[in-house]
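Visitor: this one's structure only:
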């Protein structure tokens, strides 16, 4: 079974731009969660989607948004990029019916200049 | 307010010996715990998990112990191998749903180095 895939793997943007990251979950998984990893804050939960609905959201500004499609693929968008948004963005998938083990993708490294 | 803590930033052990990684939590609502291994610039890889109804779970060289009264869990790796060198994260979740859906709370990680 193929694992979680994320595209692109690397991105360089400038302040004020916006960015869209994509995540394809493991086949059959309906829940997708997004995390931000930075050296200072560690791994922080952004939000979770299940059956195209956002079920949970972490403590991030509204510039961070996401969506999920009917095939469970998910995208996250960051608008008006700031230098502090430079991070590794990880998505994870799980079956979603209860809190099960999450399986992570390789991440997208975003650098904001 | 760090609800999951890994107080040892690093650990160094000899090949063949036991590695013990520790994790403490403060939120008594957590009822499912996981350990992940991570290499730089890669996503975390799931290792082993334990539900709060158990106090031990074993999978090959990896064993996780949970002490609910102390709000403490540990990961034992026996025997340690050089390929185990990585950053290890513990994570916790509340299976009750609601504001817990899809959310893992992570510790800051422990860098394990296994010397040949």
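Guide: The structure has been received and is ready for your questions. These numbers come from a predicted model, not from an experiment.
Visitor: and residue B:49, how many neighbours?
Guide: 18 (other CB atoms under 10 Å in any protein chain shown). No exception for glycine: its C-beta is placed from N, CA and C like everyone else's.
Visitor: Tell me which helix or strand comes right after the helix or strand harbouring it.
Guide: With secondary structure defined by DSSP states H and E, residue B:49 is part of strand B:45-51. Once the chain leaves strand B:45-51, the next helix or strand it forms, by DSSP H and E, is strand B:56-59.
Visitor: Return the backbone torsion pair for residue A:83.
Guide: phi -60, psi -40 (degrees, to the nearest 10).
Visitor: Now it: closest residue in space that isn't a chain neighbour?
Guide: Among residues not flanking residue A:83 along the chain, residue A:112 sits closest, at 5.4 Å (CB to CB, 6 or more residues apart in numbering or on different chains).
Visitor: What separation is there between residue A:45 and chain B?
Guide: 5 Å (CB to the nearest CB, to the nearest Å).
Visitor: so what's that residue up against?
Guide: Remark: with contacts taken as CB atoms under 8 Å, 6 or more residues apart in numbering or on different chains, residue A:45 is in contact with A:33, A:34, A:35, A:56, A:58, B:102, B:103, B:104, B:105.
Visitor: Counting neighbours, which of those residues comes out on top?
Guide: Neighbour max across the contacts of residue A:45 (other CB under 10 Å) = residue A:33, 29 neighbours.
Visitor: For that one, give me its contacts.
Guide: A:45-49, A:91-94, A:102, B:102-104.
Visitor: With respect to pLDDT, which of the residues you listed ranks lowest?
Guide: The member of these with the lowest pLDDT is residue B:102, at 84.
Visitor: Quick check: that residue vs residue A:68, distance?
Guide: 11 Å (CB to CB, to the nearest Å).
Visitor: Can you check which residues contact both of those two?
Guide: A:32, A:49, A:50.
Visitor: ok, now how distant is residue A:107 from residue B:86?
Guide: 15 Å.
Visitor: can you pull out the strands in chain A?
Guide: Listed in chain order, the strands of chain A (DSSP state E) span A:5-7, A:10-13, A:19-24, A:31-38, A:42-50, A:53-57, A:64-68, A:74-78, A:87-94, A:103-104, A:108-112.
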